[in-house]
Every structure is written in C-alpha cells, then in structure tokens.
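# the following comprises the amino acid sequence and a computationally predicted model.
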Amino acid sequence: MEPRIKVLYFGPAPGITGTSAEIVTACDTVSLRSKLLRKYPRLGWLPFVLALNCRILKEESSLKDNDTVAVLPPFEGG
C-alpha cells in the first residue's frame, strides 16, 4: 500500500486544484507529481517545485506515511 501524503498548495495552485490541501497516496515524488498532473492538468502550465517536510527538493525523493509535500510556484521576495 502506498504511503498517505498530505499535499499543500500555495500561490495560484489552490485556484487550479480547488483546495489548499489534500491527502494523496504516492511512493515517491515522481509518482506524486504524475498523479497531481493527471488529476489537475492545468498544474502543468504552472512551474512549481516540491518541498518535502519544509525542505525544497532538488532531486526526487521517496515518501513515507504522514509526509507533507508543498506545491510551491515561483514567488517574489520583497
């Protein structure tokens, strides 16, 4: 059984997904990204990175139950 992951959406992503958070099952970030893009094809038009448990990912990673993944579109500092 695949781990249950909490996915948080930021920036314009909640407008695309219709939610700011949801539970998704995935064994790694490759399969998670694929599931999200199949479920929400418009996310494909939004450049984003994933953060796993508050750390921005620079490479793909395996996932475990109760991990939190954030979908982070580009943002500007000020």
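Okay, I see it. Numbering: from 1, shown residues only.

# so Leu72 sits against Val49, correct?
Yes - in terms of C-beta atoms under 8 Å, Leu72 counts as a neighbour of Val49; the distance is 5.2 Å. Where you see a C-beta, it was placed from the backbone N, CA and C, and this is true even at glycine.

# how near is Lys6 to Pro74?
22 Å (C-beta to C-beta, to the nearest Å).

# for those two, indicate the residue with more neighbours.
Lys6 (13 against 9; other C-beta atoms under 10 Å).

# beta partners of the more buried one?
Applying DSSP bridges to Lys6 gives these bridge partners: Ile23, Thr68.

# ok, it touching Asn66?
Yes - contact between Lys6 and Asn66 holds when scored by C-beta under 8 Å: they sit 7.4 Å apart.

# follow-up on the earlier one: intersection of neighbour lists for Leu72 and Val49?
By C-beta atoms under 8 Å, 6 or more residues apart in numbering, Leu72 and Val49 have these common neighbours: Ile56.

# which one of those two is surrounded by more residues?
When Leu72 and Val49 are compared for neighbours, Leu72 comes out ahead with 18 against 12, by other C-beta under 10 Å.

# mind naming the longest helix for this protein?
The single longest helix within the chain, with elements called by DSSP state H, is helix 29-39.

# next SSE downstream of it?
strand 49-52 (DSSP states H and E).

# may I have the strands that pair with the very next helix or strand once past that next one, each with its orientation?
Along the chain past strand 49-52, the next helix or strand (assigned with DSSP H and E) turns out to be strand 55-56. Based on DSSP bridges, the strands next to strand 55-56 in the sheet, each with its direction, are strand 49-52 (antiparallel).
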